[in-house]
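Asks: Here's a sequence, model it:
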Amino acid sequence: MDLHKHLRENTRSAHGRVDQLFGGLMLSKRRDYLLFLLSHYLAHRTLDNYFSDVLPLEERPPFVSSLLEGDLFALGFKSDLKIPVSMGDETAPLGVSYVIAGAHFGQRVLRSRWARSSDRGILGAGAYLTSQDMALFWPIVRKRMEIERPSACDLARLVRSANATFGLFEYCFDRALGEVSHIEQQTC
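Replies: Below is the predicted model of the structure:
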């Protein structure tokens, strides 16, 4: 069985929803870029904590929340947001890793949109989008998927975990949207 293909087919709906949310953003515009960064920051803070709890250091994905935090600071965003959720005890690390490592493919498209900005502040906040950390992690995840031989029960858990990770990004998008809207109301 091709685990990568199985995960891709069984997460298509959740993946499509996340692509629609983030793909609709104009990253060359400050509001949309802030929304993008804040969403990803909230999600990756949750994921950093999750991976710290479930995987040894040498198996963890790159922690990119510090890159996102630096980009948010460069844009002038200052807020002490609490980490939104927990991934839960039943989540399979490989299912979660599949989503975050594979996101670098979409990140290339988003990076090209961001690079078109004429706003120097936006362009000065690009550590996350220009990072190659997840692109380097993808081959590691692919290799794990090639050698993994999950039982039917474990396979279902991997799919649930991947879908839950996409759901985390949806949740964080909504949470960030509320925060950005709150900021806009304060500046009016």
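
Asks: Now do the SS call for the most centrally placed residue in the chain.
Replies: Most central in the chain under C-alpha atoms, centre = their mean is H40, positioned 5.0 Å from the mean C-alpha point. Following DSSP: H, G, I helix; E, B strand; the rest coil, H40 is assigned to helix.

Asks: can you pull the contacts of it?
Replies: Shown in contact with H40 (C-beta atoms under 8 Å, 6 or more residues apart in numbering): 64, 68, 128, 169, 172. C-betas here are computed from N, CA, C, even on glycine.

Asks: ok, now how distant is it from A156?
Replies: 28 Å (C-beta to C-beta, to the nearest Å).

Asks: what do you get for P139?
Replies: P139 is 26 Å from A156, where distance means C-beta to C-beta.

Asks: Show me which of those two is the more surrounded one.
Replies: Taking neighbours as other C-beta atoms under 10 Å, P139 and A156 compare with A156 leading, 13 against 10.

Asks: host element of that one?
Replies: Per DSSP states H and E: A156 is located in helix 152-187.

Asks: buried stuff in that helix?
Replies: Of the residues in helix 152-187, 155, 157-173, 175-176, 179-180 count as buried by neighbour count, 16 or more other C-beta atoms under 10 Å.

Asks: average model confidence for that helix?
Replies: Averaged over helix 152-187, pLDDT sits at 92.

Asks: by contact count, what packs against it?
Replies: Under the contact definition 3 or more C-beta pairs under 8 Å, 6 or more residues apart in numbering; DSSP states H and E, helix 152-187 sits against helix 3-10, helix 12-23, helix 30-54, helix 93-115.

Asks: tell me the most buried of those helices?
Replies: Looking across the helices and strands packed on helix 152-187 with neighbours counted as mean count of other C-beta atoms under 10 Å, the highest average goes to helix 30-54: a mean of 21.
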